[in-house]
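[1] Quick one, structure for this:
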Amino acid sequence: MPEAVQTPAGPPIPTPGWLRWFLIAALSTLILDLVSKQILFALPPGTDLPGFLRLVYNPGVAWSLFSEHPWLVLGLTMTMIPVLVWVWWTSYRHEGRWANAAFGMVLGGAIGNLVDRIGARLGLVEGVRDFVHVDLGFPPFDPWPTFNIADSGICVGFALLIFLPLLATRSKA
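    Residues are numbered from 1 along each chain as shown. Down below sits the predicted model:
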């Protein structure tokens, strides 16, 4: 009977840089979103808020689109998150720190809003909790949808994913 070979425990395997950037961005976006929503929506009714803060529940997406179909929005969100993870894993995770941070922000934001959508279906909240209100008084910024940190992470992340290849092409020229 062969003897079992004992191997000494080696040094810890370092986390790949791409994973570190992705996780930091995803978790930061998610945690900031959920904590900010919890703090702001726990304020007593009638609390005086700065003009750029307006507490609203949005059962739909931007501009309350599809608010009459919350199950559809929930289903699409639940479908898009695994699709986003698959796209990131197969196409972007080795693209560098900025692409990984961008995808992390998108995914963290999507999960943050998913938490609210599930909460709405369970009767815990009335919809996605939005609170940043932008009104510059002229189109297209009037009206502008009230949004949250999750929405910001999604928008900034997608903008980075669009502009990063353009910047890389320009720097090579």
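[2] Going along the chain, name the helices of the protein.
    For the chain, helices defined by DSSP state H occupy the ranges 17-41, 70-87, 97-121, 149-172.
[3] Show the low-confidence segments of this protein, by residue range.
    Scanning the chain for pLDDT under 70 picks out the ranges 1-15, 169-173.
[4] Try it again at 90.
    Counting by pLDDT under 90, the low-confidence segments of the chain come to 1-19, 45-46, 51-52, 59-73, 91-96, 134-145, 165-173.
[5] circling back to that earlier point, what's the closest of the helices of the chain to V132?
    Across these, the minimum distance to V132, taken as Cβ to Cβ, is reached by helix 149-172, at 7.5 Å. All C-beta atoms are positioned from the backbone trio N, CA, C, and that covers glycine.
[6] What residues sit buried inside the closest one?
    Counting neighbours by 16 or more other Cβ atoms under 10 Å, one finds that the buried residues in helix 149-172 are 149-154, 156-157, 160-161, 164.
[7] cool, stretch 91-109 as well?
    Using 16+ other Cβ under 10 Å as the burial criterion, the residues of stretch 91-109 that qualify are 92-93, 95, 98-109.
[8] All set, thanks.
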